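**Q** got a structure for you, letters missing:
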């Protein structure tokens, strides 16, 4: 699902014009970005949680040359799926 498809789905589900749904979806995403940028954890019950993970610097290898290179420390967004969503997705495996 793309962002525009999400906007269309929200507009249809809550019966509002697409322009209004666009504002709502963008506001939600901006709020989520702001929270993550201030190192806050986002928890959406039944869906999952987003948090920032810090990774230490380490030695890696250049895959072409095999030369060792230092990989600098970094931060990355981590998503952990919620129990309810995980269970619902697992039921898709049942034929």
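**A** Noted; the coordinates are in hand. Bear in mind the structure is a predicted one, so any value in this text is a computation, not a measurement.
**Q** Just want the most central residue of the chain.
**A** The centroid of the chain falls nearest to residue 79 when counting by C-alpha atoms, centre = their mean (5.8 Å).
**Q** List the buried residues of the helix or strand containing it.
**A** Assigning secondary structure by DSSP states H and E places residue 79 in strand 74-81. Going by neighbour count (16 or more other C-beta atoms under 10 Å), nothing in strand 74-81 comes out as buried. For glycine as for every other residue, the C-beta is placed from the backbone atoms N, C-alpha and C.
**Q** So residue 67 is in contact with residue 59, correct?
**A** No. Counting by C-beta atoms under 8 Å, residue 67 does not reach residue 59; the two are 10.7 Å apart.
**Q** which one is residue 78 nearest to, not counting chain neighbours?
**A** residue 53 (4.5 Å; C-beta to C-beta, 6 or more residues apart in numbering).
**Q** returning to what we had before: which outside residues touch the strand holding residue 79?
**A** Residues from elsewhere that reach strand 74-81 (C-beta atoms under 8 Å, 6 or more residues apart in numbering): 36, 47-55, 89.
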